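Asks: Sequence and predicted model, in that order:
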There are 2 protein chains.
Amino acid sequence: MKRSAFFISDSTGITAEVLGNSLLAQFEGIAFEVHTVPYIDTIPRAEATVERINRAAADDGMPPIIFDTIVNKDIRAVISRSEGFTIDVFGAFLDPLEEALHLRSSLNVGRSHRLTTNSAYQQRIDAIHYALDSDDGGIRSQYEKADVILIGVSRSGKTPTCLYLALQYGIYAANYPLTDDDLDSNQLPRPLRPYRKQLFGLTIDPERLAAIREERKANSRYASIGRCEDEVRLSQSLFTRYKVPTLNTTRYSIEEISTKIMAEMGITRRVSGVY
Amino acid sequence: MKRSAFFISDSTGITAEVLGNSLLAQFEGIAFEVHTVPYIDTIPRAEATVERINRAAADDGMPPIIFDTIVNKDIRAVISRSEGFTIDVFGAFLDPLEEALHLRSSLNVGRSHRLTTNSAYQQRIDAIHYALDSDDGGIRSQYEKADVILIGVSRSGKTPTCLYLALQYGIYAANYPLTDDDLDSNQLPRPLRPYRKQLFGLTIDPERLAAIREERKANSRYASIGRCEDEVRLSQSLFTRYKVPTLNTTRYSIEEISTKIMAEMGITRRVSGVY
């Protein structure tokens, strides 16, 4: 049974999408077909969207669920006349917020993006280049500047996590891959020793690691379950020996891994989320 | 005048943060001090958060604004007894959604992360490695696979945009920097010619470009306004000549640049947002 959901916005659609996905996730057993519809900032675009919603309603034989974060009331009114069931985010929350803040909202379309100050943009770019330069053990002279240095075996999730921390939060995240020599010696690699407080270890279930590596290099020793089991066991032993805080990434999204590291290490974001 | 706001969640806090930032952005003139408080999944953690809220209320002399996306009703009830003004996201929307869907919600803490299927994770990782491998004109044999190839002068925003598209949407985004030779000849670089339909041009105001380059290489010819003006003018002329769709990135966030490119090129996300 297909059921359509639409995330509709006058801007990127990220707010509608994030909120909508969170709420729909509470209804197990329904397979939603989701559509993000961004940049609906004119009446004609809203009318075209209503036609799309109504077609989905006819196809599904049921009203689609609409998450609407359009700021302009006239454009929002067009969407509200569709055959969908609408969750009107600004409609629901702006009135109570106005009362609590004793202030009228400014209701500017795409207002949130004006919060993108040059310095926040600059910080994110700087953090991204930091992550790229110091990825995979590169440019170690920069470790001094690191908010966190992720360590773990190849494909335990270090690179995507560093990039996410940089992009979303402007955090300086380096990473260092543990080599066979590091693992066999059970010694913290020399370049990392001055930075023990910044270290965070990523671990992963060997089965999952083998599956990820198999995608990269099929039928290799690198992807074999035996090799993966050995590497994971040795890396965990190293983390324990040096009391490095760790996270098993197996069942988590990149967002969860990143926010859990920040929470555990007490890292404050350098920019707040801009969407 | 400081006013505190808290984004409180039993999971990453991203939903509360994205929704809260969007709503608060509608109130210009108030400088909010925002705090994301993730992983509040026990009564004692909720009680500690209430103490934090109440201290902020005392400091500010006004009730903080609370955006609460905790799923568990008992934990949420603790937060609701704080001195803050609470926007209860699940409280507001779950009942009407249950009615519309004729289904009780499953109310599982952190439920959204179970949507992180292995294949979605794999797709994001694959797209990130694609972006890294084909960054800055690298590994051109992969252009066949590109959903989009961004072109533009150095520091016009290509790399962060490619990484964002990969991380958030699993999209294969390559980028190619226009060299002096490319710009002077007003010819599309040879490696790009078979892929004209995938090309998207980024442009930027010369003043902004000079400021960004100045951060990277202070007092260089590379960062001089004259050089930036020339490069931007020549790149725009190339885009016009070859009818490459373009976006001026100057006043946009990475999120906006990415979603605008997807909308303009008709690129469908390969994974939907998982938070």
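Replies: Thanks, I have it. Quick caveat: nothing in here was measured; it's all calculated off a predicted structure. Numbering: from 1, shown residues only, chains lettered A, B, ... in the order given.
Asks: nearest residue to A:Q142 other than its sequence neighbours?
Replies: A:S134 (5.1 Å; Cβ to Cβ, 6 or more residues apart in numbering or on different chains). In this view, the C-beta of every residue, glycine as well, is placed from N, C-alpha and C.
Asks: show me the contacts for A:L178.
Replies: With contact set as Cβ atoms under 8 Å, 6 or more residues apart in numbering or on different chains, A:L178 has these partners: A:I151, A:G152, A:V153, A:P189, A:E231, A:S235, A:L238.
Asks: Report the separation between the first one and chain B.
Replies: According to Cβ to the nearest Cβ, to the nearest Å, A:I151 stands 18 Å off from chain B.
Asks: swap in the fourth one?
Replies: A:P189 sits 23 Å away from chain B, taking Cβ to the nearest Cβ as the criterion.
Asks: That residue is in contact with A:L183, isn't it?
Replies: No: at 10.0 Å, A:P189 does not count as touching A:L183 under the criterion of Cβ atoms under 8 Å.
Asks: that older thread, so which of the contacts of A:L178 is surrounded by the most neighbours?
Replies: The residue in those with the most neighbours, by other Cβ atoms under 10 Å in any protein chain shown, is A:G152 (29 neighbours).
Asks: Neighbours of the nearest residue to that residue once chain neighbours are set aside, how many?
Replies: Distances taken as Cβ to Cβ, 6+ apart put A:L202 closest to A:G152, at 3.7 Å, once the chain neighbours are dropped. By the criterion of other Cβ under 10 Å, A:L202 has 22 neighbours.
Asks: SS state for A:L202?
Replies: strand (DSSP: H, G, I helix; E, B strand; the rest coil).
Asks: which residues pair with it across the strands?
Replies: Under DSSP bridges, the beta-bridge partners of A:L202 are A:L247.
Asks: how close does it get to chain B?
Replies: With Cβ to the nearest Cβ as the criterion, A:L202 and chain B are 13 Å apart.
Asks: Tell me if I'm right that that residue and A:L247 touch.
Replies: Yes: between A:L202 and A:L247 a contact is recorded at 6.1 Å, counting by Cβ under 8 Å.
Asks: what comes into contact with the helix or strand hosting A:F6?
Replies: Using DSSP states H and E, A:F6 sits within strand A:2-8. For strand A:2-8, contacts defined as Cβ under 8 Å, 6+ apart pick out A:13, A:16-17, A:20, A:24, A:30-37, A:40, A:49, A:52-53, A:56-57, A:59-60, A:62, A:64-70, A:79, A:84, B:101.
Asks: re earlier: what residues does the residue nearest to A:Q142 make contact with?
Replies: Residues near A:S134 by Cβ under 8 Å, 6+ apart: A:R140, A:Q142, A:Y143, A:A146, A:A174, A:N175.
Asks: so who does the residue nearest to A:G152 touch?
Replies: A:L150, A:I151, A:G152, A:S156, A:G157, A:K158, A:T161, A:T246, A:L247, A:T249, A:I257.
Asks: mind listing the helices for chain A?
Replies: For chain A, the helices defined by DSSP state H occupy A:14-24, A:43-60, A:73-80, A:89-101, A:118-133, A:158-169, A:180-185, A:206-216, A:225-241, A:254-265.
Asks: quick one: which of the ones you listed is nearest B:R193?
Replies: Evaluated over the helices of chain A, closeness to B:R193 peaks at helix A:118-133, with 27.9 Å, by Cβ to Cβ.
Asks: now for the helix or strand bottoming out on mean pLDDT in chain A, which elements pack on it?
Replies: Every helix and strand in chain A was compared by mean pLDDT, DSSP states H and E; the lowest is helix A:118-133, with a mean of 89. Counting contacts by 3 or more Cβ pairs under 8 Å, 6 or more residues apart in numbering or on different chains; DSSP states H and E, helix A:118-133 packs against helix A:158-169, strand A:173-177, helix B:158-169, helix B:206-216.
Asks: which parts of the first one are buried?
Replies: It refers to helix A:158-169. A:K158, A:T159, A:P160, A:T161, A:C162, A:L163, A:Y164, A:L165, A:A166, A:L167, A:Q168, A:Y169 (16 or more other Cβ atoms under 10 Å in any protein chain shown).
Asks: which regions of the stretch 1-150 of chain A sit below the pLDDT cut-off?
Replies: A:1, A:107-117 (pLDDT under 70).
Asks: switch to 80 and redo it
Replies: Counting by pLDDT under 80, the stretch 1-150 of chain A has low-confidence residues at A:1, A:106-118.
Asks: Quickly note the distance from A:T246 to A:I225.
Replies: The gap separating A:T246 from A:I225 is 21 Å, by Cβ to Cβ, to the nearest Å.
Asks: if you count what's nearby, which of these two comes out ahead?
Replies: Neighbours were counted for A:T246 and for A:I225 using other Cβ under 10 Å; A:T246 has more, 19 against 14.
Asks: Relative to B:I212, which of the helices of chain A is closest?
Replies: helix A:118-133 (7.1 Å).
Asks: export that closest one as PDB, just CAs?
Replies: The C-alpha trace of helix A:118-133 is given here as PDB (Å, rounded to 0.1, in the frame of the first residue of the first chain):
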ATOM      1  CA  ASN A 118      30.200  35.300   5.700                       C
ATOM      2  CA  SER A 119      32.100  34.300   8.800                       C
ATOM      3  CA  ALA A 120      29.900  31.100   9.300                       C
ATOM      4  CA  TYR A 121      30.400  30.200   5.600                       C
ATOM      5  CA  GLN A 122      34.100  30.900   5.900                       C
ATOM      6  CA  GLN A 123      34.300  28.700   9.000                       C
ATOM      7  CA  ARG A 124      32.600  25.800   7.200                       C
ATOM      8  CA  ILE A 125      34.900  26.100   4.200                       C
ATOM      9  CA  ASP A 126      37.900  26.300   6.400                       C
ATOM     10  CA  ALA A 127      36.900  23.200   8.300                       C
ATOM     11  CA  ILE A 128      36.200  21.300   5.100                       C
ATOM     12  CA  HIS A 129      39.600  22.100   3.800                       C
ATOM     13  CA  TYR A 130      41.100  21.100   7.100                       C
ATOM     14  CA  ALA A 131      39.300  17.700   6.900                       C
ATOM     15  CA  LEU A 132      40.500  17.200   3.400                       C
ATOM     16  CA  ASP A 133      44.100  18.100   4.100                       C
END
